[in-house]
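Colleague: Sequence first, predicted model second:
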Amino acid sequence: MRGFACRFFTEQGNWDVVGNNIPIFFIQDGMKFPDIIHAGKPEPHNEIPQAQSAHDNFYDFVSLAPETSAMVMWALSDRAIPRSYRMMNGFGVNTYCLVNKKNERHFVKFHWRPKQGIHSLVWDEALKLNGQDPDFHRRDLWTNIENGNYPEWEFGVQVLPESREHDFDFDILDATKFWPEEDVPVKYIGTFKLNKNPDEYFTETEQIAFCTSNIVPGVDFSDDPLLQIRNFSYLDTQLLRLGGPNFNEIPINQPICRVDNNQRDGLHRQRVTTGKVNYWPNRYEVPKPAPLEAGGLEHYHAKVEGVRQRARPEKWKVYYNQATMFWNSLTDVEREHIVAAASFELGKVEDETIKVKMIERFNEIHHDFAAPVALNIGLECPPAKAAYYSKRTDGVSQLRGINASTLGTPAAVATRIVGVLAFDGFDAGCLAAVRGGLKLAGTVTPIIGNHGGNIKSSGSEITDGLRADFTVDTARSTHVDALVIASGAESIRKMSKNGVAIHWVREAYKHQKPILVVGPDACDFVRKVCLREVPLKLADTAGTATDSENVVEDQGVVSTISIPSQSPVRSLSDVPKAIKQFLEQLSHHRIWSRDVSIIAA
């Protein structure tokens, strides 16, 4: 799970929306915040495990708090291992209110949908990246912004009039529930773009103080109990973290509009205020609160009946419907992933009673989910319930609904990283044609060499070569979205004797990434050395070096005898057939139909 926050610097002050890349949360009542945080932290007797949820205390809490069920499903899904910060949904999580000039209130949920698509890592890839490059996500975001590949999100709202508050089988103020888009469509109203990196990380990022209580006229709070507690806790956090009450005067937190108030003194005061008075009312009548008609903030006057108390309405006790709807909405591939994740997590739990409770909890969600997890961890699964919640929504599946508008289109490959394996002796003309075609599609094509510095092409001096961006030792296939194996007899000969280069190919195949193989030697390298146990169809190596139409695609591996050197092409329609087919595979993110069970890399 990743935090997702956005600050709007408006003419009426700062407005912060603070949420996650998942639209719901574990708990309904913010008073449980310390408990869920403590349960998820390392166990107190030995401070193990670090930064993981796969342990007894976390699942003990979850097994005894059924309200966590839906969030656990999201957290075990691919949403918890995003490919990039640039490819994450953003959600405000809590229910806010919008109040118009007629003083009419609507409930609202905030959304950010990435234009780069919503994609994830696979589990084995995520495990490896965590050790290979713990800064992978931060580096990816920084590098793309630095290179001008500015990530963008569409900003949207789900809006409900007060009259529809009770129209659903869940409470719209319950933060453990989301609003299905079939019931409440998202209306996209703007674009959010990251177009600049910090000049200094501490002053511009570490000191930023997001607060859910930072709102502007027209935005207000609902009675969402989790939001009410967050309003207190976030302010309290910033007071402690940034050393006092004037954290809003730190440059990165200062509003763009002028702020006049009587809050002088206190630690870390930045602004020098002149004048004789620091209270209101005063004889000079300055500064004075802005009236409502001049844009001043006044909270919505909600009519309240009955007793206000910390109690849960009956609808809040319907714990499993949305967890089941999440399961119903996933594709078979996504279900396999969530079963594997749950099996891994519970496999790390030592207390058998907790495992039994969790299987019972999963069985309440769906028997088809609980049964394979129980089998994997060696437990009996309870019988299936007579009936399960049947509703589904396409909005939660990354493979079915969310990316439908971009998958399979050229827009889906923009900024994707295509690693090019090229050792000394590569075919310079062919490689230039490949990279030129891929660049037209907006991909990034780093050269992965057998050493640092210049990698020389066939028949050239090393000073005439192409500079390597990485070596096979300083990066891994986990750092790229797809792989190209460049032609060149001498280059391929060296790769065949390099175990790490062979691992690059096997691992990329294991992680279901598209692969482009160019040249008869490269085809033999893949067929006979890298993937010899895979019945893979590749281009006929008996073809001639000019046989550029000899293109074969099998299980996401596109192969060709040759990609001819030619004058620079100016549009994607002019690129060679092999590159077009490779881009088509890349536009689907992964080759989910590829059976990789036999690959151990």
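Modeller: Right, received. Where do you want to start?

Colleague: which ones are touching the residue of the chain most remote from its centre?
Modeller: Relative to the C-alpha centroid of the chain, counting by C-alpha atoms, centre = their mean, residue 283 is the outermost residue, at 54.8 Å. For residue 283, the contact set (C-beta atoms under 8 Å, 6 or more residues apart in numbering) comprises residue 277. For the C-beta atoms, the positions are set from N, CA and C on the backbone; glycine is no exception.

Colleague: Secondary structure element for it, which one?
Modeller: Using DSSP states H and E, residue 283 sits in no helix or strand.

Colleague: Give me the pLDDT value at it.
Modeller: pLDDT, the model's per-residue confidence, is 90 for residue 283.

Colleague: Mind listing what's buried along stretch 483-502?
Modeller: Using 16 or more other C-beta atoms under 10 Å as the burial criterion, the residues of stretch 483-502 that qualify are 483-488, 490-492, 494-496, 498, 501-502.

Colleague: and residue 232, that one's in a helix?
Modeller: Yes - with DSSP: H, G, I helix; E, B strand; the rest coil as the criterion, residue 232 is assigned to a helix.

Colleague: Start at 51, not 1
Modeller: Right, with 51 as the first residue, what we last looked at is residue 282.

Colleague: For it, give its distance to residue 276.
Modeller: According to C-beta to C-beta, to the nearest Å, residue 282 and residue 276 sit 11 Å apart.

Colleague: which one of the two has more residues nearby?
Modeller: residue 276 (24 against 12; other C-beta atoms under 10 Å).

Colleague: Am I right that the more buried one is in contact with residue 144?
Modeller: Yes - taking C-beta atoms under 8 Å as the definition, residue 276 is a contact partner of residue 144 at 6.1 Å.

Colleague: hmm, back to that, closest to residue 608 among the buried residues of stretch 533-552?
Modeller: The shortest approach to residue 608 among the buried residues of stretch 533-552 belongs to residue 534, at 9.6 Å (C-beta to C-beta).

Colleague: Helices along the stretch 51-200 of the chain, start to end?
Modeller: Remark: helices assigned in the stretch 51-200 of the chain by DSSP state H, counting those that start in this stretch are 83-90, 106-114, 119-126, 173-182, 186-196.

Colleague: Could I get the contacting residues of residue 396?
Modeller: Contacts for residue 396 (C-beta under 8 Å, 6+ apart) come out as 104, 109, 405, 408-409, 423, 427.

Colleague: thinking again about what came up before, next, find the distance separating the residue farthest from the centre of the chain from residue 344.
Modeller: Look at residue 333 and residue 344: by C-beta to C-beta, they are 21 Å apart.

Colleague: Kindly report the same for residue 394.
Modeller: 58 Å.

Colleague: ok, now residue 468?
Modeller: Taking C-beta to C-beta, one finds residue 468 at 55 Å from residue 344.

Colleague: Would you mind telling me which of the two has the busier surroundings?
Modeller: residue 468 (26 against 7).

Colleague: what's the helix or strand for the residue nearest to residue 375 when sequence neighbours are not counted?
Modeller: In space, not counting the residues next to it along the chain, residue 375 is nearest to residue 441; the distance is 5.1 Å by C-beta to C-beta, 6 or more residues apart in numbering. Residue 441 belongs to no helix or strand when assigned by DSSP H and E.

Colleague: Burial check on residue 441, number of neighbours?
Modeller: 14.

Colleague: Against residue 407, how distant is the nearest residue to residue 393 once chain neighbours are set aside?
Modeller: Take residue 393 and drop its neighbours on the chain: the residue closest to it by C-beta to C-beta, 6+ apart is residue 426, 3.8 Å away. Separation of residue 426 from residue 407 (C-beta to C-beta): 17 Å.

Colleague: Ok, residue 216 next?
Modeller: Separation of residue 216 from residue 407 (C-beta to C-beta): 33 Å.

Colleague: ok, the two, which is more surrounded?
Modeller: Taking other C-beta under 10 Å, residue 216 and residue 407 do not tie; residue 407 has more neighbours (16 against 9).

Colleague: Confirm that the more buried one sits in a helix.
Modeller: Yes - assessed with three-state DSSP, residue 407 lies in a helix.

Colleague: who touches it in this structure?
Modeller: 113-114.

Colleague: Where does the prediction get shaky in this structure?
Modeller: The chain contains residues with pLDDT under 70 at 358-360, 452-460, 511-514, 592-599, 616-619, 651.

Colleague: switch the cut-off to 80
Modeller: 51, 313-314, 342-345, 352-362, 451-461, 509-515, 591-599, 614-621, 623, 651 (pLDDT under 80).

Colleague: tell me, what residue is most central in it?
Modeller: Looking at the chain with C-alpha atoms, centre = their mean, the centroid-closest residue comes out as residue 138, 3.1 Å off.

Colleague: quick one: common contacting residues for residue 276 and residue 144?
Modeller: residue 225.

Colleague: Okay, residue 306 and residue 259: tell me how far apart.
Modeller: To residue 259, residue 306 is 16 Å away according to C-beta to C-beta.

Colleague: before we move on, what about residue 126?
Modeller: Residue 126 is 32 Å from residue 259, by C-beta to C-beta.

Colleague: From what I see, residue 303 and residue 255 are in contact.
Modeller: No - assessed by C-beta under 8 Å, residue 303 is found out of contact with residue 255, at 11.7 Å.

Colleague: ranges for the helices of the stretch 201-350 of the chain?
Modeller: With DSSP H, counting those that start in this stretch as the criterion, the stretch 201-350 of the chain has helices spanning 251, 275-291.

Colleague: on that earlier part again, quick check: phi and psi at the residue nearest to the residue nearest to the centre of the chain when sequence neighbours are not counted.
Modeller: Leaving out its chain neighbours, the residue that sits closest to residue 138 by C-beta to C-beta, 6+ apart is residue 71, at 4.2 Å. Here is the backbone geometry of residue 71 (degrees, to the nearest 10): phi -90, psi 10.

Colleague: Next, the contact list for residue 71, please.
Modeller: By C-beta under 8 Å, 6+ apart, the contact set of residue 71 is 51-54, 129, 132, 138-141.

Colleague: of these, buried ones?
Modeller: Applying 16+ other C-beta under 10 Å to the contacts of residue 71, the neighbour count classes 54, 129, 132, 138-141 as buried.

Colleague: Give the burial count for the nearest residue to residue 338 once chain neighbours are set aside, as a bare number.
Modeller: Nearest non-adjacent residue to residue 338, counting by C-beta to C-beta, 6+ apart: residue 330, 6.2 Å away. When neighbours are defined as other C-beta under 10 Å, residue 330 has 12 of them.

Colleague: Assess the claim that residue 330 and residue 337 are in contact.
Modeller: Yes - at 7.5 Å, residue 330 counts as touching residue 337 under the criterion of C-beta under 8 Å.

Colleague: Now for these two: what residues contact both?
Modeller: residue 312.

Colleague: what about the nearest residue to residue 232 once chain neighbours are set aside, distance to residue 450?
Modeller: Spatial nearest neighbour of residue 232, excluding adjacent residues (C-beta to C-beta, 6+ apart): residue 443 at 5.8 Å. Distance, residue 443 to residue 450, by C-beta to C-beta: 10 Å.

Colleague: which of these two has more neighbours?
Modeller: residue 443 (19 against 16).

Colleague: Go ahead and confirm the more buried one touches residue 231.
Modeller: Yes - assessed by C-beta under 8 Å, residue 443 is found in contact with residue 231 at 6.5 Å.

Colleague: Spit out the residues that contact the two alike.
Modeller: Residues touching both residue 443 and residue 231 (C-beta under 8 Å, 6+ apart): none.

Colleague: about what we covered before: now do the contacts for the residue nearest to residue 338.
Modeller: With C-beta under 8 Å, 6+ apart, residue 330 has these contacts: 312, 337-339.

Colleague: okay, these in a markdown table with neighbour count next?
Modeller: Output for those, formatted as a markdown table (neighbours: other C-beta atoms under 10 Å):
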| residue | neighbour count |
| --- | --- |
| 312 | 13 |
| 337 | 17 |
| 338 | 12 |
| 339 | 13 |
